[in-house]
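[1] Build me a structure from this.
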Amino acid sequence: MASLQIGGGLLRLGKSGLMIAAVATPFVGLGVVSRVYRAGRAAAAEVRDDARPRMRKVAIRYRDFPLVSTWFALLNALAWNIQVVVIAHYYTTAEVGQYALAFAMISLPMGLVLAGVSQVYNRECAARASDTEAVLRLRRYGLRTQKS
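    Numbering: from 1, shown residues only. Coordinates of the predicted model:
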């Protein structure tokens, strides 16, 4: 996104360059994800035939997950990015560009920390998958009250 914003600045697109970069970034991400998806499909084509019924059962069991997670992801992305559009209405292009760059620089380490915390939490939930009460305690109180 920063590269697209800088490119828009070099082309003297002004506020439009910032908005184009904000809109184009998810499409670039979709391109990367589609490449990974195609590689996964190629690998899945090599999966043994006895694994296919199990995969179908898992897909049927969790078919509602995208219905829930898609709306959450959309609202979360909107919450993180709408301020740039609002700020662009009141401030100059240079100020909005500085804000967007500073926000990106702050978000990067925060995203790494949050991803690490999320991975630990998911691992602990998976370890307690058979004990619903332990998962609820983990959700409610975190790791500080859990026995190792």
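[2] Would you map the strands across this protein?
    Remark: no strands are assigned in the chain by DSSP state E.
[3] Now do the contacts for residue 106.
    Going by Cβ atoms under 8 Å, 6 or more residues apart in numbering, residue 106 touches no other residue. (C-beta placed from N, C-alpha, C; glycine too.)
[4] State the pLDDT value of it.
    pLDDT for residue 106: 85.
[5] go on, the one 10 residues further on?
    pLDDT, residue 116: 86.
[6] What distance do you get for it to residue 122?
    11 Å (Cβ to Cβ, to the nearest Å).
[7] got it, and residue 100?
    Taken as Cβ to Cβ, the span from residue 100 to residue 122 is 31 Å.
[8] ok, the two, which is more surrounded?
    residue 100 (21 against 10; other Cβ atoms under 10 Å).
[9] Give me the residue at the spatial middle of this structure.
    In the chain, the residue lying closest to the centroid (Cα atoms, centre = their mean) is residue 73, at 7.1 Å.
[10] for it, what are its contacts?
    Residue 73 touches nothing, counting by Cβ under 8 Å, 6+ apart.
[11] Would you state the predicted confidence (pLDDT) at it?
    pLDDT, read off for residue 73, is 84.
[12] Quickly note the distance from it to residue 79.
    In this view, residue 73 and residue 79 are 11 Å apart by Cβ to Cβ.
[13] Over to residue 116?
    In terms of Cβ to Cβ, residue 116 sits 22 Å off from residue 79.
[14] same check, this time on residue 118
    Separation of residue 118 from residue 79 (Cβ to Cβ) stands at 17 Å.
[15] what does residue 130 give?
    Distance from residue 130 to residue 79, counting by Cβ to Cβ: 35 Å.
[16] And residue 1, by the same measure?
    For residue 1, the distance to residue 79 equals 17 Å [Cβ to Cβ].
[17] which one of those two has more residues nearby?
    The neighbour count for residue 1 versus residue 79, taken as other Cβ under 10 Å, is higher for residue 1 (17 against 9).
[18] quick one: the helices in the chain?
    Using DSSP state H, the helices of the chain run over 2-10, 15-45, 52-61, 65-90, 93-127, 132-141.
[19] and the second one with helix 93-127, angle?
    Spelled out, that is helix 15-45. Calculated by axes from the mean of the first three to the mean of the last three Cα atoms, to 10 degrees, helix 15-45 forms an angle of 30 degrees with helix 93-127.
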